[in-house]
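Trainee: no FASTA, just this:
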Ligand code: PNW
């Protein structure tokens with residue numbers, strides 16, 4: 001089937017009321033670090049070796065200075081919604097007094113979206129914690145939920161009348177395990193027990209944030225998790241599969257569903273922590289109802305009890321990210337892969353949606369991120385990113401398969417609107433549907449942007 005036919009067939013499956021959007025995050029695109037306070041990612045980027053190519057916050061995509069142009073690109077794409085995050089140190093530098101210029105930036109963004117008939121979807125925390133709060137222990141501070149609540153209160157007061165959908169957090173698993181259990185992300189602590197404790201404290205902050213958002217009666221508060229399907233390649237690998245599934249998926253959904261921390265997880269991590277920081281009142285606050293759940297899905301996780309000969313170089317697939325996993329197993333992702341080393345396997349997106357709707361029933365689901373890093377070639381001012389086009393065609397179809405099987409899936413957001421700072425990977429890994437020229441910041445629509453535009457505009 002030719003690509004055009006595949007896009008046409010896919011289009012027929014997308015209901016009119018299904019949300020199609022694109023996503024970004026503040027530190028990855030904004031630049032203008034002089035206009036805000038410092039965050040843990042600025043501190044992390046300042047240490048040579050932490051970010052592979054030495055990339056720092058500036059200029060990123062210079063989005064703060066190119067807001068109007070980027071809003072026009074979103075309008076041209078024809079998407080229903082834009083998912084962005086607020087930089088905490090831009091609106092509350094040092095977690096001190098609010099910054100009127102920082103607050104105004106997101107007012108212009110939100111108003112610009114509404115003027116173009118695009119729904120604003122706001123994430124409060126996408127990893128750029130103010131440095132001053134990290135100095136107080138960051139996500140290990142037992143009062144961190146109160147600091148987060150103050151910040152969310154400022155957001156709700158200023159933007160609560162216009163934002164369509166709110167997420168307290170983006171992927172708390174990454175903050176806890178890449179940032180605290182290991183040194184892969186900011187702040188780079190590298191203490192396994194701190195991974196487990198910060199995972200819990202991030203969720204207490206989610207609960208406190210939800211309470212604030214409900215008090216302000218904002219539209220649709222929820223949270224975004226990175227969930228996936230964990231596959232054992234042989235029966236003997238089942239114990240490892242079970243433990244990874246617990247930390248990656250079940251922990252978050254158990255807390256949201258009011259099931260608390262499972263006996264199995266406590267037993268599997270007893271040599272690392274006794275979980276004595278868990279508090280009953282906080283558990284109830286975490287378990288308050290959410291209006292929607294966002295799922296970021298990129299790749300499955302496979303484990304094996306034997307070497308498979310396809311030993312991965314998949315970013316983020318390492319047992320150090322899953323403290324307490326029994327030893328003697330291998331990560332076993334397969335080809336084909338993206339530039340992140342992440343296996344391309346769309347059926348795992350369908351199964352992840354099905355599994356999540358069973359574990360947290362009754363909550364509308366969105367795919368809030370999905371996409372791939374590929375080795376794009378700019379030729380005569382054009383980028384024919386056929387591999388990314390295929391990825392989107394297959395994964396949007398896989399998401400709709402889950403919907404056909406009864407999952408209450410309401411929308412899909414592509415990651416990302418444009419090439420940006422891929423965290424510790426720097427600028428070398430490109431996830432954008434728009435190419436961004438690193439020298440002059442010109443934005444160029446890749447073929448994948450034309451696909452998203454076709455789907456968005458022709459429903
Ligand atoms: C997500 N891992 O990050 C984030 O939400 C985005 O900001 C990011 O750009 C996108 O996915 C692509 O990576 C992740 O190593 C980063 O497991 C790393 C991992 C998972 C998610």
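Mentor: Perfect, thanks for sending it. The structure displayed is predicted, hence computed values, not measured ones.
Trainee: Please give the element, helix or strand, for the residue in the stretch 251-400 of the chain positioned nearest to the ligand.
Mentor: Residue of the stretch 251-400 of the chain nearest the ligand, by CB to the nearest ligand atom: residue 316 (2.0 Å). All C-beta spots, glycine's among them, are computed from the backbone N, C-alpha and C. Under the criterion DSSP states H and E, no helix or strand holds residue 316.
Trainee: what about the residue of the chain most remote from its centre, distance to residue 387?
Mentor: Relative to the centre of the chain, and counting by CA atoms, centre = their mean, the farthest-placed residue is residue 380 at 33.0 Å. To residue 387, residue 380 is 19 Å away according to CB to CB, to the nearest Å.
Trainee: repeat for residue 348
Mentor: Applying CB to CB, the value for residue 348 to residue 387 is 18 Å.
Trainee: Neighbour count for those two, which is higher?
Mentor: Higher neighbour count among residue 348 and residue 387: residue 348, with 23 against 17, using other CB atoms under 10 Å.
Trainee: Please look at the more buried one and residue 229 and confirm they touch.
Mentor: Yes - contact status for residue 348 versus residue 229: in contact at 4.3 Å, counting by CB atoms under 8 Å.
Trainee: any common contacting residues for these two?
Mentor: Taking CB atoms under 8 Å, 6 or more residues apart in numbering as the contact rule, residue 348 and residue 229 both touch residue 300.
Trainee: What parts of this structure come near the ligand?
Mentor: Residues of the chain lying close to the ligand (CB under 6 Å from any ligand atom) are 25, 28, 170-171, 174, 226, 296, 315-316, 369, 415, 422-423, 431.
Trainee: Reformat those into a markdown table and put neighbour count, distance to residue 283 and pLDDT next to each item.
Mentor: Conversion of these to a markdown table gives the following (neighbours: other CB atoms under 10 Å; distance: CB to CB, whole Å; pLDDT from 0 to 100):
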| residue | neighbour count | distance to residue 283 | pLDDT |
| --- | --- | --- | --- |
| 25 | 25 | 29 | 99 |
| 28 | 23 | 32 | 99 |
| 170 | 24 | 22 | 99 |
| 171 | 26 | 21 | 99 |
| 174 | 20 | 22 | 98 |
| 226 | 21 | 22 | 98 |
| 296 | 22 | 24 | 99 |
| 315 | 21 | 32 | 83 |
| 316 | 20 | 28 | 83 |
| 369 | 25 | 28 | 99 |
| 415 | 23 | 31 | 99 |
| 422 | 22 | 35 | 98 |
| 423 | 24 | 31 | 98 |
| 431 | 26 | 35 | 98 |
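Trainee: Tell me how many other residues surround residue 292.
Mentor: 21.
Trainee: Count the neighbours of the closest residue to it other than its chain neighbours for me.
Mentor: With sequence-adjacent residues excluded and distances taken as CB to CB, 6 or more residues apart in numbering, residue 292 is closest to residue 222, at 4.0 Å. When counting by other CB under 10 Å, one arrives at 26 neighbours for residue 222.
Trainee: show me what contacts residue 222?
Mentor: By CB under 8 Å, 6+ apart, the contact set of residue 222 is 165, 166, 167, 168, 290, 291, 292, 293, 294, 363.
Trainee: can you count the residues close to residue 283?
Mentor: Neighbourhood size, residue 283 [other CB under 10 Å]: 18.
Trainee: go on, residue 328?
Mentor: 11.
Trainee: Tell me if I am right that it is in a helix.
Mentor: No - Residue 328: not assigned to a helix; according to DSSP: H, G, I helix; E, B strand; the rest coil it is coil.
Trainee: Lovely, talk soon.
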